[in-house]
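Peer 1: Compute the structure for the input listed below.
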Amino acid sequence: MTKTSVEPVVVPRPARRPRLWLSVTALVVALAAGGFITFRLAQPVPAPRIAQTVPQTYAIPGDPPVLPWPRAGQATVEIDGLGRLGASGDARPVPIASVTKVMTAYLVLRDHPLRLDEDGPTLTVSADEAAAYPAQLASGQSLVRVEAGEVLTERQALQALLLPSANNVAHMLARWDAGSSGAFVARMNEAAARLGMADTRYTDPSGLDPATVSTAADQVVLARTAMQVPVLAQIVAMPQATLPVVGQVKNVNTQLGQDGIVGIKTGSTDEAGGCLLFAAEISVEGRRLRLFGAVLAPGPNLADAFAASRRLIQAGSGLVRQYRVVRAGEVVATVRGPMGRSTTLAAAGDVDVLGWPGLTYRIDTLAAVPGRVAAGTGAGTLKLTASATTVTVALRTTGALAPPSWWERITHG
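Peer 2: Reported below is the predicted structural model:
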């Protein structure tokens, strides 16, 4: 019997996988992590956001004032820079008589500016203008006597226009400035349109024509603009002046110097009644303000306009007071940075405004805060605005603000 030999079966071991894949995986993970970190750190840190915490507006508390308005005609009163105190009557265009001459003077000075100490160029009275004087006088117009060949400086002509309210000199100035009264009137209407005087139409430079019409509100707009011209403001405040031929002339506005009145122009015709465009200076908390107003036809005579205006000035000048809106240290805004960091902005001083009950100020926070800031750092302003008046106060951070760390940017990006 033959023996069969059985050889052992050798099971091959599996080949060892190279360790390279482990190295590659680790590299990939490392690169991915590095890219992620780089990406997170490369992202810009959002700028802190500022949110105002005080109201967007401040209305002075109390009942709005009621002025002693005239029972007839129309009137408007405002405090320069702060806004309108009120108005009365039917605000439709009506004749304004010699109040028209404010626009005439304003345009002449716009085209031929004068310094306060300057007489300016001259104009000569023509033979036709002198010859027209007797008929004009017979018709009852407001005039100054002139002679052919008479020479007036620009300042003298404006004095004749604005103080005794000379109709004839209004036409002389129009001819001198624009070549003719018609051309000058076109300029008057262009200027009115630029100033936003939508309810005003001029047909002559003197106001004698009742077709020259306006409203109290429009004339206050003009007064506010015209009184910014130093020479015009100087002339309308003069009680008298001396002219070459007629000699001394007096200002028809006999209210000058009373209740702070410093101008600006009277007017009176049968069609217009008594009219007065006025400016008065008032003092509030050591500050000088101007009160502007117009009364058109409160009665048939100029005396009616004087009386109505003085009542309005006396009442209006006592209405303006000082009010505290924000106190020093009061928080007015929050600053929120990334990662929940925050601080606040506080007023560096008291904020006081002038006005009257019902007047509203808009409140704006104008600030920018960097990502890192120390407590007490200046960070902008708080601005309060009413009409053309602006009151500001500096803002400071109440606490520090720091940007997020690199770890926070990675883990909370």
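
Peer 1: quick one: L354 and A138, what's the gap?
Peer 2: 52 Å (C-beta to C-beta, to the nearest Å). (C-beta placed from N, C-alpha, C; glycine too.)

Peer 1: Same check on Q255?
Peer 2: For Q255, the distance to A138 - C-beta to C-beta - is 30 Å.

Peer 1: between these two, which one's more packed in?
Peer 2: Q255 (21 against 8; other C-beta atoms under 10 Å).

Peer 1: What strand or helix carries the more buried one?
Peer 2: Using DSSP states H and E, Q255 maps to neither a helix nor a strand.

Peer 1: Spit out the contact partners of it.
Peer 2: 261, 276, 278, 306, 309-310 (C-beta atoms under 8 Å, 6 or more residues apart in numbering).

Peer 1: tell me the pLDDT at it?
Peer 2: At Q255, the pLDDT value in this model is 95.

Peer 1: and if you look at K3?
Peer 2: On the pLDDT scale, K3 gets 50.

Peer 1: just I37 next, same as before
Peer 2: At I37, pLDDT is 53.

Peer 1: Ok, V373 next?
Peer 2: 81.

Peer 1: Skipping its backbone neighbours, what lies nearest it in space?
Peer 2: What sits nearest to V373 in space, not counting adjacent residues and going by C-beta to C-beta, 6 or more residues apart in numbering, is L401, at 4.9 Å.

Peer 1: burial count for that neighbour?
Peer 2: 21.

Peer 1: R341 too?
Peer 2: Applying other C-beta under 10 Å, we find 17 residues neighbouring R341.

Peer 1: For P61, see how far away the residue lying closest to it once chain neighbours are set aside is.
Peer 2: Nearest residue to R341 in three dimensions, chain neighbours excluded: L401, at 5.8 Å (C-beta to C-beta, 6+ apart). Applying C-beta to C-beta, the value for L401 to P61 is 35 Å.

Peer 1: With T53 instead?
Peer 2: For T53 relative to P61 (C-beta to C-beta), the value is 20 Å.

Peer 1: So for these two, which residue has more residues nearby?
Peer 2: Remark: of T53 and P61, T53 carries more neighbours, 13 against 8, as counted by other C-beta under 10 Å.

Peer 1: Give the next helix or strand downstream of whatever helix or strand D304 lives in.
Peer 2: Element membership of D304, judged by DSSP H and E, is helix 302-317. For helix 302-317, the following helix or strand on the C-terminal side (DSSP H and E) is strand 321-326.

Peer 1: Could you pull out the buried residues of the next helix-or-strand element following that following strand?
Peer 2: For strand 321-326, the succeeding helix or strand toward the C-terminus, using DSSP H and E, is strand 331-336. Within strand 331-336, the residues that qualify as buried by neighbour count (16 or more other C-beta atoms under 10 Å) are 332-336.

Peer 1: Now do stretch 344-359: distance from first to last residue.
Peer 2: Stretch 344-359 stretches 29 Å from its first residue to its last (C-alpha to C-alpha, to the nearest Å).

Peer 1: Would you mark the buried spots in it?
Peer 2: For stretch 344-359, by 16+ other C-beta under 10 Å, it's 344-348, 351, 353-356, 359.

Peer 1: how about these, which pair is most distant?
Peer 2: Greatest spatial distance in these: T344 and W356, 31.9 Å, computed using C-beta to C-beta.

Peer 1: still on that earlier bit, isn't the residue nearest to R341 right up against V369?
Peer 2: Yes: counting by C-beta atoms under 8 Å, V369 is a contact partner of L401 at 6.7 Å.

Peer 1: joint contacts of those two?
Peer 2: Common neighbours of L401 and V369 (C-beta under 8 Å, 6+ apart) are 48, 335, 343.

Peer 1: Quick one: these as a markdown table, columns for pLDDT and distance to R321 too.
Peer 2: Converted to a markdown table, the shared contacts of L401 and V369 look like this (pLDDT from 0 to 100; distance: C-beta to C-beta, whole Å):
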| residue | pLDDT | distance to R321 |
| --- | --- | --- |
| P48 | 84 | 38 |
| V335 | 89 | 34 |
| T343 | 92 | 35 |
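
Peer 1: of these, closest to K101?
Peer 2: V335 (56.6 Å).

Peer 1: how close does the closest one get to V144?
Peer 2: If you go by C-beta to C-beta, the gap between V335 and V144 works out to 67 Å.

Peer 1: Next: S342.
Peer 2: As defined by C-beta to C-beta, S342 lies at a distance of 73 Å from V144.

Peer 1: Then L114?
Peer 2: The value you get for L114 to V144, if C-beta to C-beta is used, is 20 Å.

Peer 1: Need the contact partners of stretch 68-80.
Peer 2: 67, 84-91, 94, 215-217, 219-220, 224, 273, 289-299, 304, 308, 311-312, 315-316, 320, 388.

Peer 1: Can you get me the start-to-end distance on it?
Peer 2: For stretch 68-80, the end-to-end distance is 20 Å (C-alpha to C-alpha).

Peer 1: what do you get for stretch 80-98?
Peer 2: Stretch 80-98 end-to-end distance (C-alpha to C-alpha) = 23 Å.

Peer 1: Could you do stretch 105-121 as well?
Peer 2: Using C-alpha to C-alpha, the two ends of stretch 105-121 sit 15 Å apart.

Peer 1: mean confidence score for it?
Peer 2: For stretch 105-121, the mean per-residue pLDDT is 97.

Peer 1: Helices of the stretch 1-150 of the chain, residue ranges please.
Peer 2: In the stretch 1-150 of the chain, the helices defined using DSSP state H, counting those that start in this stretch lie at 20-42, 101-111, 127-131, 133-138.

Peer 1: A233: which of the shared contacts of L401 and V369 is nearest?
Peer 2: Once C-beta to C-beta is applied, the member of those that ends up nearest A233 is V335, at 46.6 Å.

Peer 1: Would you mind measuring from the closest one to A328?
Peer 2: Distance from V335 to A328, by C-beta to C-beta: 19 Å.

Peer 1: How about L163?
Peer 2: Taking C-beta to C-beta as the measure, L163 and A328 are separated by 50 Å.

Peer 1: out of those two, which sits in the busier spot?
Peer 2: Neighbours per residue (other C-beta under 10 Å) separate L163 from A328, with L163 holding more: 22 against 11.

Peer 1: Surely the more buried one is in contact with L243?
Peer 2: No: when contacts are counted by C-beta under 8 Å, L163 is not listed as touching L243 (9.3 Å).

Peer 1: okay, and the common contacts of those two?
Peer 2: Contact criterion C-beta under 8 Å, 6+ apart; residues shared by L163 and L243: V249.
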